[in-house]
Structure formats: C-alpha cells, structure tokens
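**Student:** next comes the sequence, and after it the predicted model I'd like to discuss.
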Amino acid sequence: MNLSSPEDRPGISQRPITIIAIVTAFCLLGDSMLYIVLPIYWREAGLNALWEVGFLLSINRFIRLPMTPLIGMLYKRMPLRTGLIFAILLAVATTIGYGVCKGFILWTILRCIWGISWSFLRMGGYLTIIHYADDSNRGRLMGRYNGISRLGSLVGMLFGGILVPLAGMGSVSVAFGSVMLAGLPFVAIYISGNSSGGADASVLKKEQRDKPKAIWTKSVISMIATGLIVYLIQTILSATLSLVIETNYSQQLLLIGFVVTSTMLSGVLQAARWGWEPFLATWIGLRSDGPRGRLPLFGLALLSSAAGYALVPWQLPIYMWCLVILLIMATSTALSTLMDALASDVARHSSAIAVMTAYSVATDMGSALGPMLIYLLIDLPGGLKYIYLGSAFLLLLVALWHRPGSKTGTTGLRNVIN
C-alpha cells in the first residue's frame, strides 16, 4: 500500500481506512457470535464445563500478547495487502471450524488462530490511521474505523443470537465463514501490493527523522494502564450478558408481544451498539477533535458507565434493565473511540509503532483477563453481583484518576495534546 502524504492525494486519504474497516467487519462475524451463544450452547461445541467457555473466550486474546509485537515488526517489511489476505483466510478457517470441530482442544487451537488474525487486522488499521490522520481529524477517523468495523459485530451478535437456536451453531458458523470470503475482493481491488508499501513505512521514516528522546512517558503509561482496565471491564458485559438474563429473568420473556430467549435478547441488545456505532463513534470522535478536547467527554463516559454497571446485577423491570444495558453500550462506544484516539495522540508525539503495539497488548490483556476471571468467580455465592459492582467501582477509580488537575492520569496527556 502506497502511503504517500495525504496532502498529495486529495479525496482518497480515507479510502484505506474504510477498506480495512470493511474487511474487519466481515472477519468479526464468527467471534462476535460466540459471545452470545457459547455461554448457553457450550455442550453443542463438545465442551464439558462452563469454565471452558471462559477459557475459550479469553485464549484468543492471550495469544495476541506475544503475537502483536511480532506482527508489528512484520508490517515494517511486508505489504498491507499480504497481511489482510492472511488475516481473512485465518478468520474464514476458524469460523467454519466452529461448525465442524468438537471438543476443548480443537476449539482452543481455533481460538488461538483467530487471535493471530485479529492482530493482523487491528495493527494494520491503527498504523494506517496514525499515518493519514492529524490533530484536526484523528478522532473522527478513529470513530469511522471503529464504527464501520463493528458492523460485523452487529451482524454476528444479532443473527447469531436469532439463528443458532433455530438452525444450530454448526450451520450458522459455516454460513458466517463463507460470508467472510467477501472481504477478499475489497483487498485485492483497493489495497496496493507494492512491497515498499508496508503499513507503517511513512511512520517509520517520521520516527527516524524526529528521533523522540522518551517513549515511555507518564502520558503513554497512563493510556496503556487505562486501556487494560477499561477493556477488561467491557469484556465482562459481552461475555456474561446472556447468562445474566438467564439468571435474573429465567421466566418466559415477553417483549413487545414477542416471546424471546435469553440469547435472542442478548443478541439484540449487544447488536444495538454495533448498529449505532458508525454514527455515534464518528460523532464522538468529531466532537473530541474540537477545542475542548477529548478529556471532558472521556470523564463523562467513565462516570456514566460506572453507574450502568452498578445497576446491571439487580432484577429491575425488564424494560428499565434493557435501558441500563443500552446506556452502558453507548458509553462503551464513546470509551473505545476516545481511548483509541488518545492513544494515537500520544503515539504521534512519541514512537507510533512502539506505543500502539504496547497499547494493543494492554487492551488485549484486559480483554483476555475479563472472561477468564469472571468464569472463575461466577460460581461463588453472589458472584455475578459482585463482579458487576466491582467493575463499577473500578470505572469510578479510573474517572477519578483522570479528573482535571490530577497529578497522575491525563495531566501530562493534556499537555501533549495541547
């Protein structure tokens, strides 16, 4: 991919970002489906215990911890097209594998392969955004990338939650894997295969020219730690939502005149986020590019999310409870977009490859620890309740850490951005 200066290529600087986002959306179908159906239909996958579900929903992120730095190095030497084609083929193989493979060992291998695929997709997206964006549009372009790519989660969760109870996990997995192949023509047509066009070639040249003196500044460390905590907490909701519904609303659910299962309701609720993501993420990113910056919006999103998590484990009236879930998902959209944009801000003034690799590893670590921890604690008395109350408390602490005037948190980050 030829990453010449955006100013020299008017009108097409957003095309690579859009294409990578579309390809990522296709590849997310199978993974997103699992968060809805696997906690309920784990026996259909040949699993023997519920803790295996938590392990499988986490292992793909643990494998990314050593793989992400390696993939960052590979992108210095190979075309973006090569990495994306490899990622698509791996995603297709793993998703079809969910439908034909049975047993814990085979599923562990499949989840590890998916983790490698996702690392290729996300690192390519991050490095491309850092190149094409500047301080006036970085938030908007990050929101655009996140919004379009998460349409895959919309389809995976919504149709997975609806179709698996009707057709079975095997048939739906094979169908989703076949659909993912549609990403290959986008890559072949729109992404250059020039060997000199590695995804971060121009970023490397800028770093060599500027020679930043310090990489691991307080601002960088602050964003890495924040990414780990927030992504850990966000994964808790996606991994347990159908289980919370099954636990607190075990009776037959009747919504707007329709009887729905726990997986259907979970799929619809989580898919709602990915439905508004392209619009809300872009709007949040655009607002954060304004004169007030990203930090006020970031603090508001943290506090709102904390309030939502504190209400989740209680058996509220079903319509009120659904509104709480939608509030959490709206704040999750804001938090993901703002954190990615903030990380790109500090990376732009430091070593982009090193900082974004460390940030990716930290968010992967948080996402991996989430399902692992909750499925170890979930069988304790009141486990679900304390998991969500603890998450709310952690979010409140993060908001206080990044409050205006704090000597830690984003004080140094504010100086970098301004």
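**Tutor:** It's in.
**Student:** got the buried residues for the helix or strand where residue 398 lies?
**Tutor:** Element membership for residue 398, per DSSP states H and E: helix 383-401. By neighbour count with 16 or more other CB atoms under 10 Å, helix 383-401 contains the buried residues 383-384, 387-389, 391-392, 394-396, 398-399, 401. (Glycine included, C-beta is placed from N, CA and C.)
**Student:** what number of residues lie near the closest residue to residue 47 other than its chain neighbours?
**Tutor:** Residue nearest to residue 47 in three dimensions, not counting chain neighbours: residue 104, with 5.9 Å by CB to CB, 6 or more residues apart in numbering. Residue 104: 15 surrounding residues under other CB atoms under 10 Å.
**Student:** again with the one 10 residues further on
**Tutor:** Here the count is done by other CB under 10 Å, and residue 114 has 28 residues near it.
**Student:** name the SS class of it, please.
**Tutor:** helix (DSSP: H, G, I helix; E, B strand; the rest coil).
**Student:** related to what we said a few turns ago, for the helix holding residue 398, which helices and strands make contact with it?
**Tutor:** helix 218-248, helix 295-311, helix 352-377 (3 or more CB pairs under 8 Å, 6 or more residues apart in numbering; DSSP states H and E).
**Student:** and those helices, which one's lowest on average pLDDT?
**Tutor:** Sorting these by mean pLDDT places helix 352-377 lowest, at a mean of 80.
**Student:** mind checking how far that helix is from the chain centre?
**Tutor:** Distance of helix 352-377 from its chain centroid, counting by CA atoms, centre = their mean, to the nearest Å, is 10 Å.
**Student:** mind listing what's buried in it?
**Tutor:** 352-375.
**Student:** distance of the residue nearest to residue 47 from residue 139?
**Tutor:** Using CB to CB, to the nearest Å, residue 104 is found at 42 Å from residue 139.
**Student:** on contacts alone, who are the packing partners of the helix or strand hosting residue 335?
**Tutor:** Assessed by DSSP H and E, residue 335 sits inside helix 318-348. Where contact means 3+ CB pairs under 8 Å, 6+ apart, helix 318-348 is packed against helix 104-132, helix 138-149, helix 218-248, strand 253-255, helix 262-288, helix 295-311, helix 352-377, helix 411-417.
**Student:** next, the angle from it to helix 262-288.
**Tutor:** Orientation of helix 318-348 against helix 262-288 (axes from the mean of the first three to the mean of the last three CA atoms, to 10 degrees) gives an angle of 40 degrees.
**Student:** show the pLDDT at residue 385.
**Tutor:** Looking at residue 385, the pLDDT reads 86.
**Student:** OK, contacts around the residue nearest the centre of the chain?
**Tutor:** When CA atoms, centre = their mean is applied to the chain, the residue found nearest the centroid is residue 336 (7.5 Å). For residue 336, the contact set (CB atoms under 8 Å, 6 or more residues apart in numbering) comprises 146, 234, 281.
**Student:** and residue 141, by the same measure?
**Tutor:** Going by CB under 8 Å, 6+ apart, residue 141 touches 14, 17, 129, 132, 133, 285.
**Student:** without its sequence neighbours, what residue ends up closest to it?
**Tutor:** Leaving out its chain neighbours, the residue that sits closest to residue 141 by CB to CB, 6+ apart is residue 133, at 4.7 Å.
**Student:** mind checking pLDDT for that neighbour?
**Tutor:** What the model reports as pLDDT for residue 133 is 72.
**Student:** could you do residue 168 as well?
**Tutor:** Listed pLDDT for residue 168 reads 86.
**Student:** neighbours of it, how many?
**Tutor:** 14.
**Student:** cool, and residue 15?
**Tutor:** Around residue 15 sit 13 other residues, with neighbours defined as other CB under 10 Å.
**Student:** surely it is in contact with residue 190?
**Tutor:** Yes. With contacts defined as CB atoms under 8 Å, residue 15 counts as touching residue 190 at a distance of 6.5 Å.
**Student:** so what sits against both of those two?
**Tutor:** Common neighbours of residue 15 and residue 190 are not found (criterion: CB under 8 Å, 6+ apart).
**Student:** find the nearest non-adjacent residue to residue 223, please.
**Tutor:** Using CB to CB, 6+ apart, the nearest residue to residue 223 is residue 343, at 4.9 Å.
**Student:** now for that neighbour: which residues touch it?
**Tutor:** 223, 224, 227, 355, 356, 359.
**Student:** so the fourth one touches residue 342, yeah?
**Tutor:** No. Between residue 355 and residue 342 no contact is recorded; they are 11.1 Å apart, counting by CB under 8 Å.
**Student:** any idea how far the helix holding residue 398 is from the middle of the chain?
**Tutor:** Helix 383-401 sits 20 Å away from the centroid of its parent chain (CA atoms, centre = their mean).
**Student:** quick one: that helix to helix 218-248, angle?
**Tutor:** 150 degrees.
**Student:** then helix 383-401 to CSV, C-alphas only?
**Tutor:** Taking Å, rounded to 0.1, in the frame of the first residue of the first chain, the C-alpha atoms of helix 383-401 are listed here in CSV:
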residue,chain,number,x,y,z
GLY,A,383,-20.7,-14.0,42.0
LEU,A,384,-22.4,-12.1,39.2
LYS,A,385,-23.5,-9.3,41.6
TYR,A,386,-20.0,-8.7,43.0
ILE,A,387,-18.4,-8.9,39.6
TYR,A,388,-20.6,-6.0,38.3
LEU,A,389,-20.3,-3.9,41.4
GLY,A,390,-16.6,-4.3,41.4
SER,A,391,-16.5,-3.2,37.8
ALA,A,392,-18.5,-0.1,38.6
PHE,A,393,-16.0,0.7,41.4
LEU,A,394,-13.0,0.3,39.1
LEU,A,395,-14.6,2.6,36.5
LEU,A,396,-15.2,5.2,39.2
LEU,A,397,-11.5,5.0,40.2
VAL,A,398,-10.4,5.5,36.6
ALA,A,399,-12.6,8.5,36.3
LEU,A,400,-11.1,10.0,39.5
TRP,A,401,-7.6,9.2,38.2
